[in-house]
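In: what follows is a predicted protein model with its sequence.
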Amino acid sequence: MATTPHVDNKRYQGLIVSIALFLSLIGALLAFTFYTSNLLERNTALIDQTNQVANSAQAVIKDLFDLDSSYGEDTKSPHIQRVLSRLEQNTALITSSMTAIEQGGTITDAEGNTYDLPNIDSKAQANVAAANEQWQALEPKIQTYLKDADNVMVPSADALTQAVEQAKTSSLFINDSLDNLTKDVFNSAERQATTIRLIQVLGVAAIFTYFLIFVFFFVRRLRETDAEAFAARRETQEIMQTVNTGLFLLDKDLNIGQQHSRALNDIIGADRLAGENFTNVLRGRISDKDLKTTQQFIEQLYNPRVKEKLVDSLNPLHKVMLHNTAGSKALNNRFLDFKFSRVYDNKDIARILVNVNDVSDAVYLEQRLEKERSQNDMQIEMLTTILNVNPKIINEFITNTQMHIEKMNNILKNPGSSQYELEGKLKAIYREMHSLKGEASALKLHSFTKIASDAEDKLHALQNQGQLSGNDFLPLAVHLDDLLSLSNTIATLGERINRSAPAPAPAPAATQATNVPTPLAADNDIVKNSVSKTVVTESQAANHSIGSIDTYGGQDIDLDGDAEDDRLSFYKDFAKDIATRQGKQVQLKSNTLTQADIPAHLAKPIKEISIQLLRNAVVHGIETPSTRHSAGKAAVGTIDLEVKDNGSDFTLMVQDDGQGINYDGIRTKLSKEGRFSAEEANQLSQGDLLKQLFSSGFSTKEHADEDGGRGVGLDIIKAQVKDYDGKLNVNSELGQMTRFVITLPKA
């Protein structure tokens, strides 16, 4: 419910007093009229009573004369009884009426109505006294006669004669006195009526005059108030039409006030806002979560127990994007900044003042600055890598990156539509992306690693989604384009820094990810494995070949005498960085890496396999220092990396002194992921479990991060061994060590 504003009583005090006085005058006049009406009614009753007394006196005298003339008639006759009864009633009436008139008492008429008689003046009192005196002389004689009038045994002639004689004397005086009394009362009533009419006329005139004066001043005051209100409203409208920000008021029900700035319509992008509900205006233009948070935020603003500064930090509409729902291309999505302030009426929170600003330009500027800052950070990162890593390794990375991107691009372009073909494409792209991420992570190129990790997240989601379609692969084109752009940036920076190094070869048209067609299919060969207890030998079932690998810029670059030492340092730093992120300590040892003469066509697979095996050893093999200490081991784990030339083939061995392969843990994870039932998992041999360990998408790590957990590393090793017709041996002792031996033929 909207808050009712407090009224300033002082402003209306004069009006209230004037109305009260006007009503008092009317009330006084009505009270006087009521009083005078009552007085006139009493005077009328007095006149009627005096007339009645006079009439009764005439009737008494007439009845006495009638009785005197009818004396001797039977007292039981109807005539005598009727006259005697009337004489008795009139006598009693005259006696009571004379007393009431003289003393101002109460009388009751024949119909039972009661009247209060007014007190009469001195002249009327004299007339009443004169009439009463004559009546007091007559009334006892009448009572003496009436006492034995109907008793035939008692003679009443003398009493009647005395009453008749007294009536002859008193009747004239009584009639004259009562006539004078009636005239006096009538004259007095006339004077009072005249006075009353005069007072009423004067009262009505005074009230009417006061009313005219009241209306005059009230209208003048009203006009002044209207003028002030109009001026204030005009000033408000001028302000509202001039300010460039959106201003409006919100009540407790989140209804927008009737007055708001003209700029608000343009900022919000709506024609009608006055009286609209704020949530309805925002619904569909911000997220439902932000809308609900906004409602709760405004409710807290109306809570007097919550400090305004404290709740202001929770404003959900600070630089919020407002989506365009009008369907007009002229109106783009914009960033608006809403500021909320309490409006107080005395100590009560009456409204919320909202100030809206279009901060799109500022936000876009911040985003551009942030992008430029990120690009600068990326270039500094790349410069640091170029300056601290042997050029040969940088050149290899650029060449390998372009090859990985080109291979992923070709995989995407290959036709195919069946689920089997699409799953094969997904696995192949996943392996290439993971290999690329491994090399970038080894060089501490976090920009590369971030893009590759984001791509892996999408690939992992596709791997778990079940049903695939060609369109699911389209978003990968953006990541490929970003990776290629970063690779070209590194090449350009390297060329600027080291002018003696040849310029990198431009990326072929086929590698431009922006031109990637809708992917359809890729092949997926099934690798046949021969397993014997804890040793697994894996060979390529079919022979595959790849094109020659060009070096940086299409030319060979001579290395200085420290090139092999740089390669060992590269692997050591790589293992150390992963260990730091995983909260572990490792030491990489190698006695043969710097002495081995690796053929050019095996340099790439050996490097990729080494990176994956080193990452696997640190992430899955080596324990944390506390765990190693509990097991009686040194806090620093040891990893051996050896490369050996056997004449016809090359052998790569990576061994760690970590926790070994936990086959029961593999069974549990397979059952947990639903790949096998608990009963089926328990029946799997160690060789079968190792096959699952090398399958795409399976990892014993609970949560994926930059260094592992997506189940791609060992799948890459399996694919590389398969591509080069090599062999893979795994040997592990639980709690002691794990050794991977990769044999790749030279031919």
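Out: In hand now; what should we look at?
In: for the stretch 351-500 of the chain, just list every one of the helices.
Out: Assigned by DSSP state H, counting those that start in this stretch, the helices in the stretch 351-500 of the chain fall at 360-388, 391-413, 419-442, 446-465, 476-497.
In: ignore the last one, the stretch 551-700 of the chain
Out: Under DSSP H, counting those that start in this stretch, the stretch 551-700 of the chain gives helices at 563-582, 600-616, 625-630, 663-672, 678-683, 686-693.
In: tell me which of those sits most buried.
Out: helix 600-616 (a mean of 21; mean count of other Cβ atoms under 10 Å). Quick note: C-beta positions are derived from backbone N, CA and C, even for glycine.
In: can you list the helices and strands that that one packs against?
Out: helix 391-413, helix 419-442, helix 563-582, strand 637-645, strand 649-656, helix 713-723, strand 737-745 (3 or more Cβ pairs under 8 Å, 6 or more residues apart in numbering; DSSP states H and E).
In: among those, which is nearest Gln296?
Out: In terms of Cβ to Cβ, the element of the helices and strands packed on helix 600-616 nearest to Gln296 is helix 563-582, at 38.5 Å.
In: list the helices and strands the closest one packs on?
Out: Helix 563-582 packs on helix 391-413, helix 419-442, strand 586-589, helix 600-616, strand 637-645, going by 3+ Cβ pairs under 8 Å, 6+ apart.
In: next, the angle from the fourth one to strand 649-656.
Out: Following axes from the mean of the first three to the mean of the last three Cα atoms, to 10 degrees, one obtains 10 degrees for the angle between helix 600-616 and strand 649-656.
In: for Gly713, give me its contacts.
Out: Neighbour list for Gly713: 434, 438, 612, 615-616 [criterion: Cβ atoms under 8 Å, 6 or more residues apart in numbering].
In: determine which two of the residues you listed are furthest apart.
Out: His434 and Asn616 (11.6 Å).
In: mind listing what Phe217 touches?
Out: Ser18.
In: let's see that with 6 Å instead.
Out: Contacts for Phe217 were tallied using Cβ atoms under 6 Å, 6 or more residues apart in numbering; there are none.
In: and Asn265, how close does it get to Leu383?
Out: Using Cβ to Cβ, to the nearest Å, Asn265 is found at 50 Å from Leu383.
In: what of Glu366?
Out: Glu366 is 25 Å from Leu383, by Cβ to Cβ.
In: mind telling me what element Glu102 is part of?
Out: Assigned by DSSP states H and E, Glu102 belongs to helix 78-103.
In: pull the number of nearby residues for Ala229.
Out: Using other Cβ atoms under 10 Å, Ala229 has 10 other residues around it.
In: can I assume it sits in a helix?
Out: Yes: counting by DSSP: H, G, I helix; E, B strand; the rest coil, Ala229 is found in a helix.
In: quick one: least confident helix or strand in the protein?
Out: Here the helix or strand of the chain ranked lowest by mean pLDDT, DSSP states H and E is strand 529-532, holding a mean of 30.
In: what residue ranges in the stretch 451-600 of the chain score low on pLDDT?
Out: When residues are selected by pLDDT under 70, those of the stretch 451-600 of the chain lie in 494, 496-565.
In: likewise the stretch 251-400 of the chain?
Out: 325-332, 379, 381, 385.
In: show me where it has strands.
Out: Under the criterion DSSP state E, counting those that start in this stretch, the stretch 251-400 of the chain contains strands at 256-260, 320-322, 334-345, 348-358.
In: return the third one as CSV; C-alpha atoms alone will do.
Out: Output of strand 334-345 as CSV, limited to C-alpha atoms (Å, rounded to 0.1, in the frame of the first residue of the first chain):
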residue,chain,number,x,y,z
ARG,A,334,22.6,-0.9,-23.1
PHE,A,335,24.2,-0.7,-19.7
LEU,A,336,22.3,1.2,-17.1
ASP,A,337,23.3,2.2,-13.6
PHE,A,338,20.5,2.5,-11.1
LYS,A,339,21.1,4.4,-7.8
PHE,A,340,18.5,4.2,-5.0
SER,A,341,18.0,6.8,-2.3
ARG,A,342,15.5,6.9,0.5
VAL,A,343,13.0,9.8,0.7
TYR,A,344,12.0,10.6,4.3
ASP,A,345,8.8,12.2,5.6
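In: list of residues touching that strand?
Out: 5-6, 301, 308, 317, 319, 321-322, 349-360, 363.
In: cool, the shortest one as well?
Out: For strand 320-322, contacts defined as Cβ under 6 Å, 6+ apart pick out 285-286, 333-336.
In: could you redo the last one with a cut-off of 8 Å?
Out: Counting by Cβ under 8 Å, 6+ apart, residues outside strand 320-322 touching it are 268-269, 282, 285-286, 290, 333-338.
In: which strands border it, and is each parallel or antiparallel?
Out: With DSSP bridges as the test, strand 320-322 is paired with strand 334-345 (antiparallel).
In: give me the domain ranges for this protein.
Out: 11-215, 246-366, 374-523, 525-747 (automatic domain parsing).
In: end to end on the shortest one, go ahead and measure it.
Out: Counting by Cα to Cα, to the nearest Å, you get 22 Å between the two ends of domain 246-366.
In: change the start of the numbering to 32 and stick with it
Out: Happy to do that; since the first residue is 32 now, the last one works out to domain 277-397.
In: and it, how far out from the chain middle?
Out: Its chain's C-alpha centre and that of domain 277-397 lie 11 Å apart, by Cα atoms, centre = their mean, to the nearest Å.
In: try the first one
Out: In terms of Cα atoms, centre = their mean, the centre of domain 42-246 is found 85 Å from the chain centre.
In: tell me the contacts of Asp210?
Out: Ala85.
In: still on that earlier bit, tell me which of the helices and strands packed on helix 594-613 is the most buried.
Out: Most buried among the helices and strands packed on helix 594-613, counting by mean count of other Cβ under 10 Å: helix 450-473, with a mean of 23.
In: and that helix, C-alpha only, in CSV?
Out: Taking Å, rounded to 0.1, in the frame of the first residue of the first chain, the C-alpha atoms of helix 450-473 are listed here in CSV:
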residue,chain,number,x,y,z
GLN,A,450,26.9,-41.2,-34.1
TYR,A,451,29.9,-43.5,-34.4
GLU,A,452,31.6,-41.1,-36.9
LEU,A,453,30.7,-38.1,-34.8
GLU,A,454,32.1,-39.7,-31.6
GLY,A,455,35.3,-40.5,-33.5
LYS,A,456,35.6,-36.9,-34.6
LEU,A,457,35.0,-35.7,-31.0
LYS,A,458,37.7,-38.0,-29.6
ALA,A,459,40.2,-37.0,-32.3
ILE,A,460,39.7,-33.3,-31.7
TYR,A,461,39.8,-33.8,-27.9
ARG,A,462,43.3,-35.4,-28.3
GLU,A,463,44.6,-32.7,-30.5
MET,A,464,43.3,-29.9,-28.2
HIS,A,465,44.7,-31.6,-25.1
SER,A,466,48.1,-32.0,-26.7
LEU,A,467,48.1,-28.4,-27.7
LYS,A,468,47.1,-27.4,-24.2
GLY,A,469,49.9,-29.5,-22.7
GLU,A,470,52.6,-27.8,-24.8
ALA,A,471,51.2,-24.4,-24.0
SER,A,472,51.1,-25.1,-20.3
ALA,A,473,54.7,-26.4,-20.4
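In: low-confidence ranges in the stretch 32-181 of the chain?
Out: For the stretch 32-181 of the chain (pLDDT under 70), the answer is 32-43, 140-143, 146.
In: on that earlier part again, which helices and strands sit right next to the helix or strand just after the helix holding Glu133?
Out: Once helix 109-134 ends, the next helix or strand along the chain (criterion: DSSP H and E) is strand 137-139. If you count contacts as 3+ Cβ pairs under 8 Å, 6+ apart, strand 137-139 packs onto helix 109-134, strand 145-147.
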